[in-house]
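Colleague: need coordinates for the following:
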Amino acid sequence: QVQLVESGGGLVQDEGSLRLSCTASGRTFSVFRVAWFRQVPGKEREFVAGISWTGGSTFYADSVKGRFTISRDSERNTVYLQMNSLKPEDTAVYYCAAREVQNATYDSWGQGTRVTVSS
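Modeller: Modelled structure (predicted):
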């Protein structure tokens, strides 16, 4: 299995920026894709952005396109989520997840990091 540790959350004002980090350990050689999800209490967890572990292809939810950028540092086994022009509706707990080559779903999750955007 893959272990994931997120960091970088916090409190930021409207239109501010934050960068989240997700560092992977364990079976990193089997990782196919890494993604960020977010969840607000009472709502379902939603996809935010994803990146291919080896090829670097990226994917974004429409709500964050043009504001968020996902990237990876292969040497550090770390995926970043640069979040610019943050809005109060971006407030959530952000989770990093990994999907291994042999699996069809994201089955490794981090503990989450809280992002709060004040208006």
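
Colleague: give me the element Y80 is part of.
Modeller: When secondary structure is defined by DSSP states H and E, Y80 falls within strand 78-83.

Colleague: so which elements touch that strand?
Modeller: Other elements packing on strand 78-83 under the criterion 3 or more C-beta pairs under 8 Å, 6 or more residues apart in numbering; DSSP states H and E are strand 18-26, strand 31-39, strand 46-52, strand 68-73. In this view, the C-beta of every residue, glycine as well, is placed from N, C-alpha and C.

Colleague: recalculate using a threshold of 7 Å.
Modeller: In terms of contacts (3 or more C-beta pairs under 7 Å, 6 or more residues apart in numbering; DSSP states H and E), strand 78-83 is packed against strand 18-26, strand 68-73.

Colleague: same list (those strands) but as JSON lines, adding mean pLDDT, distance to C96 and mean neighbour count.
Modeller: Supplementary listing: the helices and strands packed on strand 78-83 in JSON lines, determined by pLDDT from 0 to 100; distance: least, C-beta to C-beta, whole Å; neighbours: other C-beta atoms under 10 Å:
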{"stretch": "strand 18-26", "mean pLDDT": "96", "distance to C96": "3", "mean neighbour count": "18"}
{"stretch": "strand 68-73", "mean pLDDT": "96", "distance to C96": "10", "mean neighbour count": "18"}
